[in-house]
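Visitor: Turn this into a model:
(one chain, ligands or ions: 2)
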Amino acid sequence: MLAKQQSHTLTLGQLMRSTRSDSNSLIRQGQWLRNQLPIRFARRLDEFLQLPYLVVHNQNIKQVFDIYVDTFETVSDFPNIITDRDEAAFADLIRQQLEKHQQVVMTLAWKEFRSARLIAEGYREVRHMYPHLRLDSFLDRLFIARISARILMENYIRMRTPAEGFIGVVQKELSPLQVFQELSNEITRLTEAIYGVAPDIEFRGNLTCTLDYIPRHVQFMGQELLKNAVRATTERHKPRDGPGIGFASRSERIPKVAVEVQKGDVHVIIKISDQGGGMPKRIQEEAWQYGWTTADHEEEDDPYSGGTWRKELAGYGFGLPLTRLHAQYFGGDVFMQALPGHGTDMYLLLNHLKEGSPSTEEDDPSTA
Ligand code: ADP
Ligand code: MG
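Guide: Ligands and ions are numbered 1, 2, ... in the order given. You can find the predicted model right below:
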């Protein structure tokens, strides 16, 4: 059975080494993916089918399941890749599959993460009926596999048309500061639309620091952590009697959120500090579970109340667990130092070594 065969994650170094755009390499890569993807998707499907009936039949989760079936079938059915023409046809197929998995949803929070959003909605609905149901380890495995399949597919497509400053999906000398600055503009705008005010975001530390990394990953993790910090700060310090009334400037009353970048021997460390009140000790663990949130929008379905916007800022309880998965995927991590009653420091560690955590040969597309 395909679902039982081995497959593993890879390091950024392996990924970059495997990225070559000559015709032979592309054929080898195509053939390797043609063999690997069905194994990976079969294993996910196997796991979906072991979930309780009511979970798989949730309409949102079912949509993701159907996309997985589709990818599994179309890739499995593709014949051997021998010539350049076979390979070009295979690339078209992968491009179409990628689009199905990520059809752009025009929201700040989850653009490019359509199936993650469907799963989050579905999980929320299911747990509304069965509050004790927990699928944390299923979701971890699902999202790790998703991250990995998406990297492999996207990297293959990108290596066919090399771009300046990139090796496949990996951007050379990416500036985390720049990513965070762009994010902070978007998040400030969103927060002002919801609350009428927003804290300033300040940057400190090693501002010229760079690393080779997948920009989409840095954006995702940065966005989730910044949204949390900005939301907590605004909720705690917003003026009580309506936005802006009697305030000379927002920065006078709302404490800043600080983003500090430093480069260590192994990791680039991004520390996000807020004065949003932190959280009690007992909650600090729970906050990493899927679906755990203090943003509840049940009573906000009225489109004029700002419920939809709010949902982009917080509400699924998927931000922290997914940020951790992404960070750990390439040998990094994220952890929290909360001072209850005052604020929170979040540390995001991104591995900047070319050789990250060890992996197995078989995982390595460069040995394909
Ligand atoms: P969501 O933001 O959708 O609620 P997250 O996983 O991002 O989900 O966060 C889970 C919960 O952890 C939040 O609802 C909030 O209660 C708490 N939290 C996260 N970050 C912070 C922070 N910087 N300050 C205070 N509380 C936080
Ligand atoms: Mg969040």
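
Visitor: Around ligand 2, pick out the residues from this protein.
Guide: 228, 314, 319 (CB under 5 Å from the ion). For every residue, glycine as well, the C-beta is placed using N, CA and C.

Visitor: Name the nearest of those residues relative to residue 64.
Guide: residue 319 (18.8 Å; CB to CB).

Visitor: any idea how far the closest one is from ligand 1?
Guide: 2 Å (CB to the nearest ligand atom, to the nearest Å).

Visitor: contacting residues for that residue?
Guide: Residue 319 is in contact with 224-225, 227-228, counting by CB atoms under 8 Å, 6 or more residues apart in numbering.

Visitor: rerun that using 10 Å as the cut-off
Guide: Applying CB atoms under 10 Å, 6 or more residues apart in numbering to residue 319 gives the contacts 109, 120, 220-221, 223-225, 227-228, 231, 287, 293, 313.

Visitor: nearest to residue 349, of the residues you listed?
Guide: Residue 349 has its nearest neighbour among these in residue 221, at 10.4 Å by CB to CB.

Visitor: tell me which residues of the strand or helix carrying the closest one are tucked away?
Guide: Secondary structure from DSSP states H and E places residue 221 in helix 215-237. For helix 215-237, burial by neighbour count (16 or more other CB atoms under 10 Å) applies to 215-234, 236-237.

Visitor: for the stretch 51-200 of the chain, which spans come out with low pLDDT?
Guide: Low-confidence segments of the stretch 51-200 of the chain (pLDDT under 70): 102-113.

Visitor: sec struct for residue 315, please.
Guide: coil (DSSP: H, G, I helix; E, B strand; the rest coil).

Visitor: Just give the closest residue to it, not the sequence neighbours.
Guide: Nearest non-adjacent residue to residue 315, counting by CB to CB, 6 or more residues apart in numbering: residue 295, 4.4 Å away.

Visitor: try residue 218
Guide: Spatial nearest neighbour of residue 218, excluding adjacent residues (CB to CB, 6+ apart): residue 179 at 4.9 Å.

Visitor: List the contacts of that neighbour.
Guide: By CB under 10 Å, 6+ apart, the residues touching residue 179 are 171, 213, 215-219, 221-223, 270.

Visitor: State the distance from the residue of the stretch 101-250 of the chain found nearest ligand 2 to residue 120.
Guide: Ligand 2 sits closest to residue 228 of the stretch 101-250 of the chain, with a gap of 4.4 Å, by CB to the ion. Relative to residue 120, residue 228 is positioned 15 Å away (CB to CB, to the nearest Å).

Visitor: same check, this time on residue 325
Guide: Noted for residue 325: a distance of 14 Å to residue 120, by CB to CB.

Visitor: neighbour-wise, which of the two wins?
Guide: Between residue 325 and residue 120, counting by other CB atoms under 10 Å, residue 120 is the more crowded of the two (24 against 19).

Visitor: Tell me if that one really is in a helix.
Guide: Yes: under three-state DSSP, residue 120 sits within a helix.

Visitor: wait, isn't the residue nearest to residue 315 in contact with residue 124?
Guide: No: with contact defined as CB atoms under 10 Å, residue 295 does not reach residue 124; the gap is 11.3 Å.

Visitor: overlap in contacts of these two?
Guide: By CB under 10 Å, 6+ apart, residue 295 and residue 124 have these common neighbours: 315-317.

Visitor: picking up where we left off before, what residues do residue 325 and residue 120 have in common as contacts?
Guide: residue 139.

Visitor: which stretches of the stretch 151-300 of the chain form helices?
Guide: Counting by DSSP state H, counting those that start in this stretch, the segments of the stretch 151-300 of the chain that form helices are 176-195, 215-237, 250-253, 281-286.

Visitor: Kind regards, and thank you for your time.
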